[in-house]
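Would you be able to build a 3D model of this:
(2 chains)
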Number of protein chains: 2
Amino acid sequence: MSLLEELVDALRVLPGVGQKSAQRMAWHLLERQRAGGKRLAQVLDQAMQRIGHCQRCRTFTEETVCAICRSPSRDDDVLCVVETPADLTALESATGYRGRYFVLMGRLSPLDGRGPRELGLDVLDSRLGEGQVKELIIATSATVEGEATAHYLSQLARRHQVQPTRLAHGVPLGGELEYIDRGTLAHAFGSRQNVAP
Amino acid sequence: MSLLEELVDALRVLPGVGQKSAQRMAWHLLERQRAGGKRLAQVLDQAMQRIGHCQRCRTFTEETVCAICRSPSRDDDVLCVVETPADLTALESATGYRGRYFVLMGRLSPLDGRGPRELGLDVLDSRLGEGQVKELIIATSATVEGEATAHYLSQLARRHQVQPTRLAHGVPLGGELEYIDRGTLAHAFGSRQNVAP
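A predicted model of the protein is given here:
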């Protein structure tokens, strides 16, 4: 097997990359992005070796405890539960949230073997048991599995006398009513709010 | 910048990979494919350093001259010109061709700064000048630029008294006539062949 074939083969480990895309990627890197390819090899090697999970919130980090969990300037009273590190990043960049996070690294899906243990809900359980958290913001996605996970989480919060909250559903900004699905529209209508004077 | 952010950033060097896909790739590698990710890092590093162009046919290879050019069992009388190493691989796996190849690593596109020199046509010129090649099989793609390249190549061949040939156009196997574009259909009709008795 030539080195080029090995490269194409190795690239197929990436999600959604088949034989053709892998060939295109290899070709692109070799023809136009040698420096970028070298950098990718280096960073990838480092990342695979050094990135683990934060002991406290389970997000990806190369340290024992991640920067957000270590930060002394964040509010320990509020804990926001998200499914993935990408969701955490999205919330961090979109909101001014200053509390802590807990990352499930997935959502409840017993059929795929993802139960409470796999999502670290035992870790979350003892975290809530510490008594510091007053509000648990449940920011799982609005899918069936996300909602099931949210239900489970809210029960967990109540057991610890923690107030569970959920992100609001409604019309997305810029969304035109006629193109919004019925469920969302019904929800937004039912949750209508007073207009500030 | 955290190591994870660096990884996402480095992955964006791949063609067609934006911020979201890069995040998904990083997440996938870290969660499910650490071993594959490590192997990719290793192979990528090796490939970026060691893969260069074959001195004789210009395809990608980690040697000075590629395996096909070195092979003593291939026919020196026929030279097949393709645009990319992927085309070479496709022909190798689909046909029983036993001649040599010449890889343009692109096609004529003066507006993008890809002229005869960039495609190594000077190298091809001196190769044909050696007098060994009798037939030049022009296997560039059937696009406007591919055809322009083919035209240029056939003129080059004729200057060296080499017979240029071109892959046949026509109805693809399994193709239904009503769905084939008019140009292809007209070509296939005009190039109709006698049925063997």
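
what about the strand ranked longest in chain A, near chain B?
In chain A, assigned by DSSP state E, the strand with the most residues is strand A:75-82. No: for a cut-off given as C-beta under 8 Å from any C-beta of the partner chain, strand A:75-82 has no contacts with chain B; the smallest distance is 12.8 Å. Where C-beta positions appear, they are placed from N, C-alpha and C, glycine not excepted.

Show me which residues of that strand are buried.
A:Val78, A:Leu79, A:Cys80, A:Val81, A:Val82 (16 or more other C-beta atoms under 10 Å in any protein chain shown).

So the fourth one sits against A:Gly106, correct?
No: using C-beta atoms under 8 Å, A:Val81 makes no contact with A:Gly106, being 11.9 Å away.

can you pull the buried residues of the helix or strand containing A:Gln49?
Element membership of A:Gln49 [criterion: DSSP states H and E] is helix A:34-50. The neighbour-count check on helix A:34-50 (16+ other C-beta under 10 Å) flags A:36-48 as buried.

Save those residues as a markdown table, and put in pLDDT too.
Shown next, in a markdown table, are the buried residues of helix A:34-50 (pLDDT from 0 to 100):
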| residue | pLDDT |
| --- | --- |
| A:Gly36 | 94 |
| A:Gly37 | 94 |
| A:Lys38 | 95 |
| A:Arg39 | 95 |
| A:Leu40 | 95 |
| A:Ala41 | 95 |
| A:Gln42 | 95 |
| A:Val43 | 95 |
| A:Leu44 | 95 |
| A:Asp45 | 95 |
| A:Gln46 | 94 |
| A:Ala47 | 94 |
| A:Met48 | 94 |
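
Need the max-distance pair from those.
For the buried residues of helix A:34-50, the maximum inter-member distance is 18.0 Å, found between A:Gly36 and A:Met48 (C-beta to C-beta).

follow-up on the earlier one: direction included, what does the longest strand of chain A pair against?
With DSSP bridges as the test, strand A:75-82 is paired with strand A:99-103 (parallel), strand A:135-138 (parallel).

What residues of the last one count as buried?
What that stands for is strand A:135-138. So strand A:135-138, judged by 16+ other C-beta under 10 Å, has buried residues A:Leu136, A:Ile137, A:Ile138.

Name the surrounding residues that touch the longest strand of chain A.
Contact with strand A:75-82 is made by A:88, A:91, A:97-104, A:124, A:127-128, A:132-140, A:153, as judged by C-beta atoms under 8 Å, 6 or more residues apart in numbering or on different chains.

From these, list the buried ones, please.
Buried among the contacts of strand A:75-82 (16+ other C-beta under 10 Å): A:88, A:91, A:97, A:99-104, A:124, A:127-128, A:133, A:136-140, A:153.
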